[in-house]
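Trainee: Could you work out the structure for the sequence below:
(one chain, ligands or ions: 1)
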Amino acid sequence: MPSSFFNPKDLNRLLNGLSLVANEFIKPAAKSDLQTLIKNAVLSATDLSGITSGKLRQFSNPQSSHAAKRASTDSVVYFSSSHPAETTTRNDENDVVLTSEENRPRVEDSEAGVATAAASSPVVAVPDGSVLAAEESEARSSEGKVDVNVNVKENENGKVGGEGSGEMAPITPPVTRRRPRERRVPETPFSRALGFAGLGASLAWGTLQESARRLAFGMPSSQDNQSPLSPFLSERNAERLALALCRMRGAALKIGQMLSIQDESLVPAPILAALEIVRQGADVMPKSQLNEVLNAELGPDWPSKLISFDYEPIAAASIGQVHKAVMKDGMQVAMKIQYPGVANSIESDIENVKLLLNYTNLIPEGLYLDRAIKVAKEELSRECDYNLEAASQKRFRDLLSGTEGFYVPIVFNDLSSKKVLTTELVHGITIDKVALLDQETRNYIGKMLLELTLMELFVFRFMQTDPNWGNFLYDEAKKTINLIDFGAARDYPKRFVDDYLRMVLACANTDRDGVIEMSQRLGFITGMESDVMLDAHVQAGFIVGLPFARSGGFDFKSTNITSSISHLGATMLKHRLTPPPDEAYSLHRKLSGAFLACIKIGAVVPCRELLLEVYNQYRFGDDETNEILSTGSGSA
Ligand SMILES: Nc1ncnc2c1ncn2[C@@H]1O[C@H](COP(=O)(O)OP(=O)(O)OP(=O)(O)O)[C@@H](O)[C@H]1O
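Mentor: Presented below is the predicted three-dimensional model:
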């Protein structure tokens with residue numbers, strides 16, 4: 001039997017997985033009545049295994065201006081007539097400005113359900129160059145699958161232009177996009193475990209099919225985009241995995257998103273391609289489930305605090321979805337509403353993901369998965385507590401209040417809770433789109449991003465560690481970066497930061513002994529490593545230190561930092577003796593995010609000057625009085 005054929009060991013692993021699901025089954029069986037149990041089981045088994053495919057989000061034909069206008073307002077519910085047609089935004093002086101809104105729909109208009117605003121995806125360009133209304137291209141797609149595989153071009157205002165539009169736009173690689181679906185989030189650990197079981201079973205089935213195909217037609221060629229290594233890693237299986245994560249949301253999706261920003265040396269290419277779908281956004285909660293969360297968290301009178309609420313989300317993220325609303329004083333706000341059940345399912349979700357990863361042999365040895373999983377669990381539990389996020393956001397608002405060029409939106413306490421976070425709505429271009437602006441602006445933004453990163457670590461010792469490009473919104477008119485999403489903010493101990501700064505300087509100065517000494521003190525190495533490992537470690541440090549090595553501006557366009565590092569990464573995975581310290585997971589995610597952003601926008605940044613400025617002002621040694629820099633009082 002060829003080695004690639006379905007391995008009986010895999011069946012064993014699947015059975016182990018199913019026994020875990022059986023355990024989950026027994027737990028609620030002891031507590032709940034049979035009827036609820038059966039209902040849950042049927043719902044979960046059908047919905048999560050993809051037998052039911054949710055409700056497809058509706059798109060309006062943008063060619064019809066009437067339809068477009070309606071679609072952009074249909075989902076808005078108005079609660080009050082006191083400020084019939086006014087919304088506010090900040091002007092340059094941070095004053096509240098009233099603006100008129102036309103064609104306000106009646107409440108009854110919106111009750112029909114949630115319609116996708118035309119602006120969210122009005123037109124798609126198909127590979128043959130013609131531009132289709134999204135509705136039309138939808139009709140060409142198949143239920144429950146990845147729907148569109150198109151070149152979508154967005155200009156800096158977020159508008160989409162197709163190849164047939166006559167506009168000059170830079171050539172972008174094809175983007176696989178999936179239409180979001182409206183689907184209830186599975187809420188209990190039991191129903192979530194069933195989802196994993198469904199996924200495991202469908203992956204096993206896919207693997208069998210692929211094995212049979214290989215037996216009949218031979219191994220796929222490399223152009224087929226299939227991994228010749230394992231029949232598990234077929235494109236269809238990768239797609240199954242991605243779609244299941246979009247349905248499950250929560251910790252499972254977050255881990256998928258984390259993996260999706262890894263490179264091919266860690267995660268196989270077909271899986272990475274499928275995870276790209278995951279990165280673009282999850283399914284959307286139906287209105288009924290959304291209202292359940294809002295009522296439970298804010299009390300049934302929450303509408304009395306608002307003029308209007310838009311049931312069409314502006315984003316569907318891994319842990320919650322974000323809606324636009326207008327407060328009584330006319331302030332436009334973003335309300336982030338957590339999916340029910342995700343906070344209580346972190347533990348079991350992650351265990352199930354781990355089981356799946358073990359079963360699929362996807363994770364290379366040397367990654368110290370258990371340690372990474374422990375850190376991921378802690379980070380996710382913190383991210384699910386929006387009270388903590390609100391506190392971090394207020395603290396950042398205070399810390400950055402005197403710093404020109406950054407703005408942190410206001411938090412509104414009376415519309416916030418553990419599972420709802422309401423903040424001032426801000427606008428801007430996401431960092432990945434800044435690449436279309438002129439060089440001077442890109443250099444300015446690159447400098448600001450690195451300055452912020454250094455400031456967070458070496459001045460505040462408090463860092464927002466999620467490098468997602470969508471968390472930085474550049475407001476061109478004000479030359480300001482609006483900062484959002486403080487769910488992953490954390491403190492770093494003074495002693496760690498002291499040694500880390502010494503290590504960064506040693507890397508910048510290609511000081512081998514300094515790098516080894518500080519790495520040992522910080523816990524990156526034990527001192528017992530082989531020469532191969534030590535060399536790879538020091539080389540990786542020097543590569544990361546390269547932007548800080550010389551004065552006069554580092555050109556991120558000309559760098560191949562990422563490929564050099566991933567090459568060394570493989571050696572380090574093989575020879576590593578100890579997992580990195582806990583602080584390193586989030587810190588390195590953030591630092592590599594800042595570098596990747598500068599590479600993406602092609603900025604030239606005076607990195608060494610920025611580092612030396614911080615270094616020269618830094619006070620080493622215990623400094624208890626400085627331990628807590630701000631307690632935060634930036635709420636409304
Ligand atoms: N104050 C705001 N103003 C404007 N847009 C916002 C605001 N808050 C959130 N958003 C939008 O909602 C998206 C998701 O919000 P946020 O990043 O806070 O959620 P999240 O659950 O942490 O997401 P993820 O898990 O993907 O990191 C943002 O990328 C942005 O598009």
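
Trainee: helix or strand for the nearest residue to Phe496 once chain neighbours are set aside, which one?
Mentor: Counting by Cβ to Cβ, 6 or more residues apart in numbering, Phe496 lies nearest to Glu583, which is 5.6 Å off, once chain neighbours are set aside. (Glycine included, C-beta is placed from N, CA and C.) Glu583 is part of helix 582-601, with elements assigned from DSSP states H and E.

Trainee: Using CSV, list the CA coordinates for that helix.
Mentor: What follows is helix 582-601, C-alpha atoms only, in CSV (Å, rounded to 0.1, in the frame of the first residue of the first chain):
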residue,chain,number,x,y,z
ASP,A,582,5.8,33.4,27.7
GLU,A,583,6.2,37.1,27.1
ALA,A,584,7.8,36.3,23.7
TYR,A,585,4.7,34.9,21.9
SER,A,586,2.7,38.1,21.9
LEU,A,587,5.8,40.4,21.8
HIS,A,588,7.3,38.8,18.7
ARG,A,589,3.9,38.7,17.0
LYS,A,590,3.7,42.4,17.5
LEU,A,591,7.3,43.2,16.5
SER,A,592,7.1,41.1,13.3
GLY,A,593,3.7,42.7,12.6
ALA,A,594,5.3,46.2,12.8
PHE,A,595,8.2,45.1,10.5
LEU,A,596,5.7,43.4,8.0
ALA,A,597,3.6,46.6,8.0
CYS,A,598,6.7,48.7,7.0
ILE,A,599,7.6,46.1,4.4
LYS,A,600,4.1,46.1,3.0
ILE,A,601,4.0,49.9,2.7
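
Trainee: What pLDDT does the model give the residue lying closest to Tyr78 once chain neighbours are set aside?
Mentor: Counting by Cβ to Cβ, 6+ apart, Ser308 is the residue found nearest to Tyr78 once chain neighbours are left out, at 4.7 Å. pLDDT, Ser308: 96.

Trainee: ok, whichever strand or helix holds Ser308: who's next to it in the sheet?
Mentor: For Ser308, the host element (DSSP H and E) is strand 306-310. Next to strand 306-310 in the sheet, as set by DSSP bridges, lie strand 76-78 (antiparallel), strand 320-327 (antiparallel).

Trainee: quick revisit: was I right about the residue nearest to Tyr78 contacting Val326?
Mentor: Yes: here Ser308 reaches Val326: they are 4.8 Å apart, a contact under Cβ atoms under 8 Å.

Trainee: does Asp466 sit in a helix, a strand or a coil?
Mentor: Following DSSP: H, G, I helix; E, B strand; the rest coil, the label given to Asp466 is coil.

Trainee: Just give the nearest non-adjacent residue to Arg371, would you?
Mentor: Nearest one to Arg371, counting by Cβ to Cβ, 6+ apart, is Pro579 at 4.2 Å.

Trainee: The one you found: neighbour count?
Mentor: Pro579: 19 surrounding residues under other Cβ atoms under 10 Å.

Trainee: ok, now Glu378?
Mentor: 15.

Trainee: Mean neighbour count, the strands paired with strand 306-310: which tops it?
Mentor: Here the criterion is mean neighbour count by mean count of other Cβ atoms under 10 Å, and of these the winner is strand 320-327, at a mean of 23.

Trainee: ok, that strand near the ligand or not?
Mentor: Yes: interface with the ligand: strand 320-327 contributes 320, 322 (Cβ under 6 Å from any ligand atom).

Trainee: Just the residues contacting that strand, thanks.
Mentor: Under the contact criterion Cβ atoms under 8 Å, 6 or more residues apart in numbering, strand 320-327 has outside partners 83, 87-88, 282, 284-285, 290, 305-316, 332-339, 412, 415, 419, 422, 425.

Trainee: again, only this time at 6 Å
Mentor: The contact list for strand 320-327, computed with Cβ atoms under 6 Å, 6 or more residues apart in numbering, reads 87, 306-310, 313-315, 332-339.

Trainee: So which of those sit within helices?
Mentor: Mapping these onto helices (DSSP state H) picks out no residues; all lie outside.

Trainee: Buried ones only from these, please, as a ChimeraX command.
Mentor: Restricted to buried positions by 16 or more other Cβ atoms under 10 Å, the ChimeraX selection for these reads:
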select :87,306,307,308,309,310,313,332,333,334,335,336,337,338,339
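
Trainee: Could you restrict the contacts of strand 320-327 to the ones contacting the ligand?
Mentor: 314-315, 334, 336.

Trainee: Report the secondary structure element holding the residue nearest to Lys336 when sequence neighbours are not counted.
Mentor: In this structure, Lys336 finds its nearest non-sequential neighbour in Leu421, 4.5 Å apart by Cβ to Cβ, 6+ apart. Using DSSP H and E, Leu421 falls within strand 420-424.

Trainee: what is the mean pLDDT for that strand?
Mentor: pLDDT averaged over strand 420-424 gives 98.

Trainee: now do stretch 334-348
Mentor: For stretch 334-348, mean pLDDT is 88.

Trainee: now swap in stretch 468-475 and tell me
Mentor: 90.

Trainee: The contacts of strand 320-327 in strands, which ones?
Mentor: 87, 306-310, 315, 332-338 (DSSP state E).

Trainee: what about the residue nearest to Phe496, distance to Met503?
Mentor: Glu583 sits 12 Å away from Met503, going by Cβ to Cβ, to the nearest Å.

Trainee: out of the two, which sits in the more crowded spot?
Mentor: With neighbours defined as other Cβ under 10 Å, Glu583 and Met503 compare such that Met503 has more, 23 against 20.

Trainee: residues in contact with that one?
Mentor: So Met503 contacts Met518 (Cβ under 6 Å, 6+ apart).

Trainee: so where does it fall, helix or strand?
Mentor: Going by DSSP H and E, Met503 is in helix 494-508.

Trainee: Show me which residues of that helix are buried.
Mentor: Those would be 494, 496-508, for helix 494-508 by 16+ other Cβ under 10 Å.

Trainee: Name the residues of the stretch 451-600 of the chain found near the ligand, please.
Mentor: Checking the stretch 451-600 of the chain against the ligand by Cβ under 6 Å from any ligand atom, the hits are 466, 468, 470-471, 484-485, 487.

Trainee: follow-up on the earlier one: so what touches the helix holding Glu583?
Mentor: Counting by Cβ under 6 Å, 6+ apart, 375, 431-432, 434-435, 442, 446, 449-450, 453, 465, 467, 492, 496, 556 sit against helix 582-601.

Trainee: any idea of the mean pLDDT in it?
Mentor: Here helix 582-601 scores 84 as its mean pLDDT.

Trainee: distance of the nearest residue to Leu483 once chain neighbours are set aside from Ala251?
Mentor: If the residues on either side of it in the chain are set aside, Leu483 comes closest to Val408, at 5.2 Å by Cβ to Cβ, 6+ apart. For Val408, the distance to Ala251 (Cβ to Cβ) stands at 27 Å.

Trainee: do the same with Leu505
Mentor: 37 Å.

Trainee: Just confirm Ser348 contacts Phe190, I think it does.
Mentor: No: taking Cβ atoms under 6 Å as the definition, Ser348 is not a contact partner of Phe190, at 8.7 Å.

Trainee: Which one of these two is surrounded by more residues?
Mentor: Higher neighbour count among Ser348 and Phe190: Phe190, with 25 against 20, using other Cβ under 10 Å.

Trainee: can you count the residues close to Ser551?
Mentor: 11.

Trainee: Let me fix that, I meant to ask about Ser416.
Mentor: For Ser416, using other Cβ under 10 Å, the count is 22.

Trainee: got it, and Gly602?
Mentor: 16.

Trainee: What of Val426?
Mentor: By other Cβ under 10 Å, neighbour count at Val426 equals 20.

Trainee: Find the nearest non-adjacent residue to it, please.
Mentor: Asn482 (3.9 Å).

Trainee: The helix or strand containing that neighbour - which strands sit beside it in the sheet, and in what orientation?
Mentor: Per DSSP H and E: Asn482 is located in strand 480-483. Strand 480-483 has the following sheet partners, assigned by DSSP bridges: strand 406-407 (parallel), strand 472-475 (antiparallel).

Trainee: Name the surrounding residues that touch the following helix or strand past that strand.
Mentor: Following strand 480-483 in sequence order, the next helix or strand is strand 489-491 (DSSP H and E). Strand 489-491 is contacted by residues 392, 462, 464 when judged by Cβ under 6 Å, 6+ apart.
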